[in-house]
Each structure stands twice: as structure tokens, then as C-alpha cells.
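> below are the sequence and a predicted model; questions follow.
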Amino acid sequence: MADGLTLGRFHHIGVVVSDIDAAMKGNSRYFGIRQWSVRYFEAERLPGLSDNGFISAVGVGDSLTLELLQPLTPDSPHAPFRSWRGEGMSHAVSRCSPAQVERLQQQLQQRGIGYSHQLNLDGKVRSLQIDSRPHLSGLGLEVQVDEGGGFDDLAVDRVVNYEFSPILPVDKLYHVGIVVNDRQQAMESFRELLDFPEFLPMDLEVGTSLSSVVYKGESVDHSAQVAFSRVNGFCFEIMQPGLGHGAYQDFQQEYGQGMQHFFPTICDQSVFDAAIPQLQQVGVEVMLKGVIDGVMNYYYLTTEKLLGGVTIEVICPHEQAWMEVMGMTPEQGYLIGL
């Protein structure tokens, strides 16, 4: 295994939004998150960047943690991402010790990788936003260095509570899907920089591995080369769009490479069908339905407006032993986040 970057353990995904209050409500409405801790990092809370702050809202649910980030000026941290991407999943956040970050800084220097920004939050926590997007198919990386109690002990400016229940079951963050231009190159980069072990590759194509794909109400030809792997709490699906039409192709055309979907739910078809009216009430529709006969239906939902640029994937197995039907071993199931 390569000497990958010393990042510590994955903790959560950072989502850049334009309206943090609307995004908090939308994510609570969908995921059932009951409480958000809101921190305004500006002026004395952000030494050296007093006029270029941002708002952070961290929501901790039963099975997942999310951080929403709203830049306050065009020069704020996270504003460059929003300027080209709009709202959406920006980066993976990990936490490490001061000793680990010393090793990380040496590794970055050796590889010629810099930082998008380095922040000193309240003078207690270092936040290092690594300039990893050119090297990891659009994926940003942030490392929070646990000093003086860590990020969770920083003063909270506002607590926001909701009383929503999740619309669909939220199991955990199985994986995040990243659209890439070249699957082979992405696998090599993820191995080198993030110490990912073997990848589980799959080729998807209507008429062979896929029975059918319906995208925005129309049956389409669709193909993609995908691969899964997992290490230190990170689990990603990388997806190279192929011929035809679908969510990956449209994402690539509009944004290039980057995080495209968030996969938190495996449920019975009856549960999913029963939730459709409630999803429609909050403006969520089925964007894509893919079918693998005898194995599963999988769905992408139009949750971008509700969640702040995030698309949700849901899987409905045709039978309980769907992994065995696919010929997948427990070790391979681990690689896809199960």
C-alpha cells in the first residue's frame, strides 16, 4: 500500500450552501436531524480573515453528521467553490492530531500540493483545506486538527431545533458518488493519496448489467464505468460516464468532476413507494430509476433544492439476499460501504 496522506479518520461531508437556514430546515425535513449547532466564523473568531467569514452549521443525526457552510463574502473560504459549482457537496472532512498533521504537511510539501486556505478557528482549532481537487477528480479535503478540545468544543452562537422525522429510513452514509473523467486514473490517484486498497470495479450498461434506466420520465440508453473502495471511514463510488444519457452524464456536462450523490438508504420497495407523496410535498421527485432484474431498483432523487445541491440515492432490493444474487462477497460488500 502506498504512503498515503496522513489525514486521520473521516468525520463528515461539507456542503456549501447559499441560505443556511433554508438548508438546515431542508436537511432536517429529509433526514430527521433534530438539532444544529451554528457558528459564525468572522471578526475575532477568524484571525486574519475578519472581513471574509462564513457560517458553519453542524447537524448530528442518529446515523450521520453533516456540515453546512455559507460564505459571507465573495472572498470568503468556500466562496470559490460556490462561484463555479453553486450549492453542493464540496469536501470530505477528517480529524487528526497535531502529530499527524506534522506528517501530513511534510507529505503535501513532497508532492507539491498546497492549500486552498488555512484557518485558525477561535485560535484553538486549525482547519486545513487541501488543494486536492486537481488530484482527486474534484474532491476537496479538509483536515481539522484537534487542539484545545477540538472543533466540537468551540463556542456555539445559535442552536436550531426541529421536530421532523426522516421521510425515508436513514441507515448511514454508505458512500458518496463522485463523477470522474477517467476511472483508471481516479483509482490510481485515490490509491496514491488516500491509501485506498483494492477497488471493486463494475461496468453498467442497459441491456447487459442493467435491465433498464428511466431518466426524467424517459427510457434511456445508459452506461458508466464505476468502482468502489473504502478506507479510514472514507467510502466512495467513482463513476466515469459512458455513452447514452443519465445523471452522471448531465453532471459531467454541467460541472465537470466532483461529488454527485449521497447514498444513505436501503429499504423495501413498499417503504419507498409509501414515502413518494411525502417527498412530493417537499418538492422531491424521482429523477432516475435503474433496474437490475432480480437484484434491485435504485433511484436518484431531485433533492438539490431541499438539501442545498445534494442528490440522494436510494436502493430497494428485490430480495433480502440481493448481494448473493449479484455474486458479491462480504469483502466486496464492505468496499461499497455496506
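Ah, there it is.
> gap between the two ends of stretch 193-205?
From its first residue to its last, stretch 193-205 covers 30 Å (C-alpha to C-alpha, to the nearest Å).
> tell me the mean pLDDT for it?
The pLDDT scores in stretch 193-205 average 92.
> ok, and what's touching that stretch?
1-5, 7, 111, 132, 135-136, 183, 187, 190-191, 209-210, 222-232, 234, 238, 242, 332, 335-336 (C-beta atoms under 8 Å, 6 or more residues apart in numbering). For every residue, glycine as well, the C-beta is placed using N, CA and C.
> list buried residues within those.
4-5, 7, 132, 135-136, 183, 187, 190-191, 210, 222-231, 234, 238, 242, 332, 335-336 (16 or more other C-beta atoms under 10 Å).
> residues contacting the most centrally placed residue in the chain?
With distances taken as C-alpha atoms, centre = their mean, the residue of the chain nearest its centroid is Val176 (4.6 Å). The contact partners of Val176, taken as C-beta under 8 Å, 6+ apart, are 13, 89, 92, 235-237, 259, 261-263.
> that one: what secondary structure?
strand (DSSP: H, G, I helix; E, B strand; the rest coil).
> swap in Leu7?
Applying three-state DSSP: Leu7 is coil.
> hang on, it packs against Val101?
No - the pair Leu7 / Val101 is not scored as a contact, 9.2 Å apart, by C-beta atoms under 8 Å.
> tell me the bridge partners for the residue nearest to the centre of the chain.
Phe236, Phe262 (DSSP bridges).
> for Arg183, see how far away it is.
Separation of Val176 from Arg183 (C-beta to C-beta, to the nearest Å): 16 Å.
> can you list the domain ranges for this structure.
As recorded under automatic domain parsing, the domains making up the chain are 9-161, 175-335.
> distance to Pro169 added to these, as TSV?
Listed next are those as TSV, based on distance: least, C-beta to C-beta, whole Å:
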stretch	distance to Pro169
domain 9-161	9
domain 175-335	5
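> name the SS class of Gly59, please.
strand.
> now the one 4 residues further on
Put simply, Ser63 is coil when judged by three-state DSSP.
> can you pull the contacts of Asp182?
Gln240.
> surely Met89 meets Gly14?
Yes - between Met89 and Gly14 there is a contact under C-beta under 8 Å: 7.5 Å.
> among these two, which residue is more densely surrounded?
Met89 (28 against 22; other C-beta atoms under 10 Å).
> circling back: out of the buried ones among the contacts of stretch 193-205, which sit inside helices?
Of the positions in the buried ones among the contacts of stretch 193-205, 183, 187, 190-191, 332, 335 sit in helices, assigned by DSSP state H.
> what backbone torsions are found at the nearest residue in space to Asp293 that is not next to it in sequence?
In space, and not counting its chain neighbours, Asp293 is closest to Ser211: 4.4 Å by C-beta to C-beta, 6 or more residues apart in numbering. Per-residue torsions, Ser211: phi -80, psi -40 (degrees, to the nearest 10).
> quick check: Ser211 vs Glu205, distance?
11 Å.
> and Tyr215, by the same measure?
Distance from Tyr215 to Glu205, by C-beta to C-beta: 14 Å.
> looking at those two, which one has more neighbours?
Tyr215 (21 against 16).
> isn't that one up against Tyr248?
No - using C-beta under 8 Å, Tyr215 makes no contact with Tyr248, being 10.3 Å away.
> tally of neighbours for Ala259?
Just so we're on the same page, residue 259 is Met rather than Ala. There are 27 residues near Met259, going by other C-beta under 10 Å.
> mind checking the SS state of it?
Going by three-state DSSP: Met259 is strand.
> got the contact list for the residue with the largest distance to the centre of the chain?
Ranking residues of the chain by C-alpha distance from their mean position (C-alpha atoms, centre = their mean) puts Glu44 at the top, at 30.4 Å. For Glu44, the contacting residues are Ser50, by C-beta under 8 Å, 6+ apart.
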